[in-house]
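Asks: Here is a sequence with its predicted model. Questions after.
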Amino acid sequence: MSVSLDEETKSTTIHGPHISQPPAKRKAKRSSFAAWMRWLHIYLSMLGFTALIFFSVTGITLNHADWFFADSSNSVNAQGQLDTAWLAPGATDLTDASVVDRLSIVEWFRTEHGIKGALAEFSVDEYQCIVLFKGPGYSADIFVDRNSGEYDLTELRQGAIAILNDLHKGRDSGEAWSWLIDISAVVMIVISISGLILLLYIKRKWFSGLVTGVVGTVALVIVYWLWVP
């Protein structure tokens, strides 16, 4: 029985080793990966939404602090006297951690003056103690005379914008906030990469999208190269 050339060609196209369409299994994997990437992009975007808004807004307030009166502050000065027993005025071995009762002094200032922030420094020499507290938009500097127990306190409280700016920079904000900044940065990186991968699945948009990304990158480099001192 003879077979026509057209029928033979059709049979080879359908059943032969050269198949024009990708295998169904490969399509399923691609579809599954795209769906998973879409899920990751959507939910990470929602998880990092507040952090993204926060760091975007504070980027503006930090870059233009004068627009938002970020330099406004309230300074308070106070004097007083500590219990000299906490200061061990006659001691000479300053390498001994128990010479000065650091814990009692710190807690007394927190209770008596409402000192905020974390203890940034507590240094002791033969004549005085220097106690420094730091926090976002906040500082307290205390100088204590070891012989008399008299102290001078300068407390500086800045406004809400200064606090937000310090949080943006992670300045004097503690280890937990530092971890939050790192995690937020990683989330934003993954969001950006997953968005780029999803773009590649859109046949009509991937080329123009990549061109736009390249243009943005080139613009950033040009601004840095030509106008950054």
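Replies: Here it is on my side, so go on.

Asks: quick check, residue 134 in a strand?
Replies: Yes: assessed with DSSP: H, G, I helix; E, B strand; the rest coil, residue 134 lies in a strand.

Asks: Contact partners for it?
Replies: By C-beta atoms under 8 Å, 6 or more residues apart in numbering, the residues touching residue 134 are 117, 118, 120, 172. Heads up, the C-betas are built off the backbone N, CA and C, glycines and all.

Asks: Can you turn the buried subset of these into a selection I can paste into ChimeraX?
Replies: Of the contacts of residue 134, the buried ones can be selected in ChimeraX as follows, counting by 16 or more other C-beta atoms under 10 Å:
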select :117,172
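
Asks: Mind checking what secondary structure the residue nearest to the spatial centre of the chain has?
Replies: Centroid check for the chain by C-alpha atoms, centre = their mean gives residue 181 as the closest residue, at 2.2 Å. Secondary structure assignment for residue 181 (three-state DSSP): helix.

Asks: Distance of it relative to residue 193?
Replies: 19 Å (C-beta to C-beta, to the nearest Å).

Asks: same question, residue 41
Replies: According to C-beta to C-beta, residue 41 stands 9 Å off from residue 193.

Asks: So for the two, which residue has more residues nearby?
Replies: Neighbour count, other C-beta atoms under 10 Å: between residue 41 and residue 193, residue 41 has more, with 19 against 13.

Asks: Then that one would be within a helix, right?
Replies: Yes: checked against three-state DSSP, residue 41 lies within a helix.

Asks: distance of it from residue 30?
Replies: Residue 41 is 16 Å from residue 30, by C-beta to C-beta.

Asks: what does residue 185 give?
Replies: Counting by C-beta to C-beta, the gap from residue 185 to residue 30 is 30 Å.

Asks: repeat for residue 184
Replies: Taken as C-beta to C-beta, the span from residue 184 to residue 30 is 31 Å.
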